[in-house]
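A.B. asks: pasting the structure only:
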């Protein structure tokens with residue numbers, strides 16, 4: 001998995017923010033919901049450096065094929081699933097348009113082709129900083 005921001009896909013802008021807001025952990029499922037209509041038609045491929053839950057294995061299995069749709073990924077990340085070093089890449093017609101990277105259960109990096117996605121996340125997560 002490429003958890004190195006220097007290897008980011010060209011054309012993607014990004015933000016980073018803490019995964020914890022007080023006692024609330026921002027889950028992958030929460031981020032998928034925050035994406036709204038932008039994320040609905042994407043195909044996802046997920047890699048987990050640490051298998052913390054059997055659902056991680058299933059996400060990686062589905063990613064090995066053609067990937068999975070957003071609702072399938074959402075179903076695999078709810079209820080509460082806290083990831084450790086994982087990356088979800090959203091594709092539109094075989095082009096990466098969104099990358100959600102979780103570092104050590106402490107922060108999220110979000111890279112997207114659409115600035116509106118980043119603006120929406122900045123609104124919900126005031127601690128967000130540009131990458």
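C.D. replies: That came in fine, so what should we check first? Here the structure is a predicted model, which means the values were calculated and not measured.
A.B. asks: which ones are touching the spatially most central residue of the chain?
C.D. replies: The residue lying closest to the centre of the chain (CA atoms, centre = their mean) is residue 100, at 2.6 Å. Shown in contact with residue 100 (CB atoms under 8 Å, 6 or more residues apart in numbering): 28, 31, 87, 88, 90, 108, 109, 110. The C-beta positions use only the backbone N, C-alpha and C, and glycine is treated the same way.
A.B. asks: Show me what the helix or strand it falls within pairs with in its sheet, parallel or antiparallel.
C.D. replies: Using DSSP states H and E, residue 100 sits in strand 95-103. Using DSSP bridges, strand 95-103 pairs in its sheet with strand 86-92 (antiparallel), strand 107-112 (antiparallel).
A.B. asks: The closest residue to residue 106 other than its chain neighbours and residue 65: what is the separation?
C.D. replies: Distances taken as CB to CB, 6 or more residues apart in numbering put residue 19 closest to residue 106, at 5.5 Å, once the chain neighbours are dropped. The gap separating residue 19 from residue 65 is 28 Å, by CB to CB, to the nearest Å.
A.B. asks: what do you get for residue 47?
C.D. replies: Residue 47 is 14 Å from residue 65, by CB to CB.
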